[in-house]
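**Student:** Whatever this is, show me its structure:
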Amino acid sequence: QEGKHGVEGSGTLFYMVHCGKALYNNLLWRNWSPGALSKMVIIGNSFKGIEERLLSRILERDYSYIAKVLKGTEELALPAHPRYLDTFNDTSVHWFPLQKLKELSPEVWDFVEEPTYQDCDDLEIIRKEDRAGRHSPAAAE
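**Tutor:** Numbers count the residues shown, from 1 in each chain. Okay, here's the model as predicted:
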């Protein structure tokens, strides 16, 4: 499902360590409302780190849901373990307090178009279309 999982009305913990930015973006898109996002907790790559490492125009173009929710996110970095500094150095817990989400501008919630990643150069997921093409009988010929 490429990260497009809904919380279905109950509190949900998503453990997404080392996942690509598109998976986080898809998850946010699928749950794009203050009510749904406030029921989510994500353990995964730091959203602040993503923001720091990407040019803002790339973040807004390719990962717009991450970009739009940054001001509605609380993030706590997990302590680094000396043995795994290069592996889990960017892991954080993210949650979305309802009050913070309600403080975002109403326009933030208006745009709910499904992400397509057409212009994305560094896509870190295999999309259904890509996977289907590789495994089809026509692709084997």
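
**Student:** From L76, how far out is the nearest residue to Y63 once chain neighbours are set aside?
**Tutor:** With sequence-adjacent residues excluded and distances taken as C-beta to C-beta, 6 or more residues apart in numbering, Y63 is closest to N25, at 4.5 Å. Every residue, glycine included, has its C-beta placed from N, CA and C. To L76, N25 is 21 Å away according to C-beta to C-beta, to the nearest Å.

**Student:** between these two, which one's more packed in?
**Tutor:** Set N25 next to L76 and count neighbours by other C-beta atoms under 10 Å: N25 wins out with 25 against 10.

**Student:** next one: phi and psi at that one?
**Tutor:** Backbone torsions of N25, given as degrees, to the nearest 10, read phi -60, psi -40.

**Student:** and G35, how many neighbours?
**Tutor:** By other C-beta under 10 Å, neighbour count at G35 equals 11.

**Student:** so how far is the helix or strand that contains it from its chain's centroid?
**Tutor:** Element membership for G35, per DSSP states H and E: helix 34-37. Chain-centre distance of helix 34-37: 14 Å, with C-alpha atoms, centre = their mean, to the nearest Å.

**Student:** does L13 have beta-bridge partners, and which?
**Tutor:** Judged by DSSP bridges, the bridge partners of L13 are V41.
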